[in-house]
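Chemist: coords below, sequence missing:
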């Protein structure tokens, strides 16, 4: 008779010490713009049990057929280092840069936030939108859709403030990031 284990499954995030040292990092990955590259990168994360919190991809050099993948992930410093090294070994990857370690990196995200509201809630939603420099991109007599661009934390804060006022839904692009200064990735 076999014994069924009730232990937690092994993953990079299993141990209590690992949970205490979890850090969030933004990685900028320059890759060939060709079919299957994104699947290989995402497959590397899935195959090893790593989580992707945000993922954006766009072509950045048309003539050279290069795309930038910006990945926000989390793990212990050792896991982040493993992720970086494993990404560097993938054939279509040209470079991997951990922008979290670059003090001069800039991160931005775009969000559209739909809020339902009438009366005082409507007035308060507009006041907060003004304070956050959110732009109204659609309005009806019963709802608004706000457009907000900024650091991910700013968007998180705005969404939390809209929740009690009638938050309906949120659509976010994911993080786009770049290092400041004259050096490329």
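Modeler: Okay, I see it. Just so it is clear, the structure is predicted and the values come from calculations on it, not from any experiment.
Chemist: Please make it C-alpha for all contacts and neighbour counts, starting now.
Modeler: Noted.
Chemist: just checking, what packs against the helix or strand residue 59 falls within?
Modeler: Element membership of residue 59, judged by DSSP states H and E, is strand 52-61. Judged by 3 or more Cα pairs under 8 Å, 6 or more residues apart in numbering; DSSP states H and E, the packing partners of strand 52-61 are strand 66-75.
Chemist: can you give me the angle the strand it packs on makes with strand 52-61?
Modeler: Per axes from the mean of the first three to the mean of the last three Cα atoms, to 10 degrees, the angle that strand 66-75 makes with strand 52-61 is 160 degrees.
Chemist: Could you spell out the sheet neighbours of strand 66-75, each with its direction?
Modeler: Take DSSP bridges as the rule and strand 66-75 pairs in its sheet with strand 23-32 (antiparallel), strand 52-61 (antiparallel).
Chemist: which is the next helix or strand following it?
Modeler: Next element after strand 66-75 (DSSP H and E): helix 77-89.
Chemist: So which bits of the helix or strand following that following helix are buried?
Modeler: Using DSSP H and E, the helix or strand that directly follows helix 77-89 along the chain is strand 93-98. Using 16 or more other Cα atoms under 10 Å as the test for burial, strand 93-98 gives 93-94, 96-98.
Chemist: Residues in contact with strand 93-98: which ones?
Modeler: Residues outside strand 93-98 that contact it (Cα atoms under 8 Å, 6 or more residues apart in numbering) are 25-32, 84, 87-88, 185.
Chemist: Make a markdown table out of those residues and add pLDDT.
Modeler: Output for the contacts of strand 93-98, formatted as a markdown table (pLDDT from 0 to 100):
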| residue | pLDDT |
| --- | --- |
| 25 | 95 |
| 26 | 96 |
| 27 | 96 |
| 28 | 96 |
| 29 | 96 |
| 30 | 96 |
| 31 | 97 |
| 32 | 96 |
| 84 | 96 |
| 87 | 96 |
| 88 | 96 |
| 185 | 69 |
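Chemist: Quick check on the residues you listed: which are buried?
Modeler: 25-32, 84, 87-88.
Chemist: and the two most separated of those residues?
Modeler: Across these, the longest distance by Cα to Cα is 22.4 Å; it joins 25 and 32.
Chemist: Mind naming the longest helix for this protein?
Modeler: helix 152-166 (DSSP state H).
Chemist: what sits up against the helix or strand following it?
Modeler: Using DSSP H and E, the helix or strand that directly follows helix 152-166 along the chain is strand 167-172. Applying Cα under 8 Å, 6+ apart, the contact partners of strand 167-172 are 109-116, 159.
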